[in-house]
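1. Have a look at this prediction, sequence included:
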Amino acid sequence: MKKLMTLAAAIILTSTAFAEMTGYEIAKKSNDIPEPKTSSSTATLTIHSKKGKDRIREIIMKSKDYGDVEKEVIVFTTPKDVSGVGYLMFDYPEDDKGNKKDSDNWLYMPAMKKTRRIASSGTEGEGSFMGTDFTYEDIDERALSKDNYNLIGEETIDEVLCYKVEATSKTGTEKDPHRIIYFGKEDFLVYKVEFYDRQDNLHRILTCSDFSTIDGFKSAKTMKMENVQTGTWSSLKTSNVVYNSNDIDDSLFTVAALEKGRIK
């Protein structure tokens, strides 16, 4: 009887602990994970077509957090047909009321010798980023206030026990207004995201893997976005990661730096 009572008490405590945290609170804990002030890395981008052909792109990524804005720049280095293509983004934090200003984004195309503004939301924001299965919205950080959150269970992803949280857009106007996000129970990092379209059909799956800790910051070195409706996928594998460097000049986060090819 004593063992049964102990077991019952353990089940009650476990259930209570599980119920203490809401879907929103889990998402917020993930959103509030400390990040480095600066980041610099290179990456290999693989774009897999439905015919089974792969296109390989090499890119440089740099970012810097200024407190009131986080600036990030992505530049393609190879192959030759995309070399010099650059994307600059200014991402703004949420205010105390949960409101978030849309990010400012610029895309530079060397072949056209032209830089154009890219909307971070709406039809343009939902468009493919440089022919990949990632969208411009995926690159931007989505405001927590845009969704309703519901904790729907737990599931193990790559041997990591995760909270399974349903995130539903408050407006329902996005191409993928419904997501299932898998947050690690121990670290609250995102291990997987399922994107559902307006008909609530599974559209894309993001998987994050190959996690490593550098200077105290844990992050995924590999992110793969699979479009289950088209049979295509895109994979981003980062390397040469450096955090909190003092060598990232503010002038790199400008349209002029993109156009002059200064980011190397």
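-> Sure, I can see it.
2. and the closest residue to residue 128 other than its chain neighbours, what is it in contact with?
-> For residue 128, ignoring the flanking residues on the chain, the nearest one in space by C-beta to C-beta, 6 or more residues apart in numbering is residue 135 at 6.4 Å. In this view, the C-beta of every residue, glycine as well, is placed from N, C-alpha and C. The contact partners of residue 135, by C-beta atoms under 8 Å, 6 or more residues apart in numbering, come to 125-129, 175.
3. change it to 10 Å
-> 124-129, 174-176, 195, 204, 225 (C-beta atoms under 10 Å, 6 or more residues apart in numbering).
4. for residue 26, what are its contacts?
-> By C-beta under 10 Å, 6+ apart, residue 26 lies in contact with 149, 151, 162-165, 181, 183, 185, 188.
5. rerun that using 7 Å as the cut-off
-> Each residue near residue 26 by C-beta atoms under 7 Å, 6 or more residues apart in numbering is listed here: 151, 163, 165, 183, 188.
6. Going by distance to residue 41, which of these wins?
-> Nearest to residue 41 out of these is residue 188 (C-beta to C-beta; 22.1 Å).
7. Next step: the contacts of residue 26 restricted to strands.
-> Residues of the contacts of residue 26 located in strands (DSSP state E): 151, 163, 165, 183.
8. name the element the closest residue to residue 55 other than its chain neighbours belongs to?
-> Distances taken as C-beta to C-beta, 6+ apart place residue 47 nearest to residue 55, at 4.5 Å, with adjacent residues excluded. For residue 47, the host element (DSSP states H and E) is strand 38-48.
9. ok, now residue 220?
-> Here residue 220 is assigned to strand 217-227, by DSSP H and E.
10. For that strand, buried residues please.
-> For strand 217-227, burial by neighbour count (16 or more other C-beta atoms under 10 Å) applies to 219-221, 223-227.
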